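take this sequence and fold it.
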Amino acid sequence: MNIYVIMKRTFDTEEKVVIKAGQVSEDGATFIINPYDEYAIEEALVLKEEHGGEVTVVTVGDEEFQKELRTALAMGADKAILINDEDVEGGDAFSTASILSAFFKDKEVDIILAGNVTVDGSSGQVGPRLAEELGITAVTTITKLSVEGTKATIERDVEGDIEIIETQLPLLVTCQQGLNEPRYPSLPGIMKAKKKPLEELDLDDLDIDEDDVEAKTKTIEIFLPEAKAAGKVLAGEITQQVKELATLLKTEAKVI
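Numbering: from 1, shown residues only. Predicted coordinates for the structure are as follows:
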């Protein structure tokens, strides 16, 4: 089985976000595999253990992404691919999906797994966009997956309920919390990861012109929400409090 995982490098979720000049500062920040992508990697490894085959992890980024790819290899992936997008100005979901589509166009794929969302952008667009480009089925927010031959049976989260889907491979799924419990890289896995193949490609290798994958969106400014002001405690008789509350909602909050 040819199993692929698309992965992103994101801020550690324990990091304190610092804004400088309208942009998120990366100075001294710690980066990790996007947590939802860890579910995708784990499920890929489970599929390999059940059906055999090969797990390849693919990411779009710069050379600093190699660390997270090595972590994926230490978890048990067989190969890693880094597609360097340094020539793409302000890449977005369109850019990433277009680059990945060019990579996958000549690949034999049984299943592609991705995280449901990323903890930075949270758009959840790259997986479905890629499936559309490749002309394969996409199922999002999955919480259970089983494969028999070329048939996949999937459970997905739909606002507190469960939807069961049967479909055929090839297939792209995005993985949600609850699908599995990602394994930690073991010491032998970390040692083996150093010898596993990590291939780096650039846009020329994929016959891509950077103008063709230029971002469709532009971030003007990033800012932190305003600090919450102290709450106001009303005192006195209930009827008095109700009148005061109504006045405050009209004059200060301006919601009525």
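
look at the closest residue to residue 102 other than its chain neighbours and report its pLDDT.
Once flanking residues are discounted, residue 102 sits nearest to residue 206: 4.2 Å by C-beta to C-beta, 6 or more residues apart in numbering. C-beta coordinates here come from the backbone N, C-alpha and C atoms, glycine included. Per-residue confidence (pLDDT) for residue 206: 93.

ok, residue 196 next?
pLDDT, residue 196: 95.

how about the contacts made by it?
Residues in contact with residue 196, defined by C-beta atoms under 8 Å, 6 or more residues apart in numbering, are 73, 77, 78, 79, 80.

over to residue 93?
By C-beta under 8 Å, 6+ apart, residue 93 lies in contact with 121, 123, 125, 126, 129.

residue 221 contacts residue 24, correct?
No - with contacts counted by C-beta atoms under 8 Å, residue 221 stays clear of residue 24, the gap being 11.1 Å.

and the contacts of residue 93 as TSV, adding pLDDT?
Shown next, in TSV, are those (pLDDT from 0 to 100):
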residue	pLDDT
121	81
123	88
125	92
126	95
129	95
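
in the stretch 1-150 of the chain, what residue spans correspond to strands?
Using DSSP state E, counting those that start in this stretch, the strands of the stretch 1-150 of the chain run over 2-7, 9-11, 19-20, 23-24, 31-33, 54-61, 79-84, 111-115, 137-148.

and the gap between residue 40 and residue 133?
18 Å (C-beta to C-beta, to the nearest Å).

more neighbours, those two?
Shown here are residue 40 and residue 133; by other C-beta atoms under 10 Å, residue 40 has more neighbours (31 against 15).

before we move on, back to that, comparing residue 221 and residue 24, which residue is more hemmed in?
Between residue 221 and residue 24, counted using other C-beta under 10 Å, residue 24 has the larger neighbour count: 15 against 8.

OK, contacts around that one?
Listed by C-beta under 8 Å, 6+ apart, the contact set of residue 24 reads 11, 17, 18, 222.

which among these end up buried?
Buried by 16 or more other C-beta atoms under 10 Å: residue 11, out of these.

please dump the contacts of residue 24 into CSV; it should also carry distance to residue 117 and pLDDT for every row.
Below are those laid out as CSV (distance: C-beta to C-beta, whole Å; pLDDT from 0 to 100):
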residue, distance to residue 117, pLDDT
11, 14, 87
17, 17, 80
18, 22, 83
222, 18, 83
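
from the contacts of residue 24, which is closest to residue 28?
For those, the minimum distance to residue 28 (C-beta to C-beta) is 9.1 Å, reached by residue 18.

okay, now the residue lying closest to the closest one once chain neighbours are set aside: neighbour count?
Nearest residue to residue 18, sequence neighbours excluded (C-beta to C-beta, 6+ apart): residue 25, at 4.4 Å. If you count neighbours by other C-beta under 10 Å, residue 25 ends up with 11.

and residue 25, how far is that from residue 76?
Distance, residue 25 to residue 76, using C-beta to C-beta: 34 Å.

kindly report the same for residue 117.
24 Å.

burial of residue 153, as a residue count?
Residue 153 - counted by other C-beta under 10 Å - has 13 other residues nearby.

my guess is it contacts residue 163, does it?
No - counting by C-beta under 8 Å, residue 153 stays clear of residue 163, with 11.6 Å between them.

hmm, back to that, ok, the contacts of residue 196 vs residue 65, which is closest?
Comparing the contacts of residue 196 against residue 65 with C-beta to C-beta places residue 80 closest, at 9.4 Å.

list the beta-bridge partners for the closest one.
Note on residue 80: beta-bridge partners residue 57, residue 198, judged by DSSP bridges.
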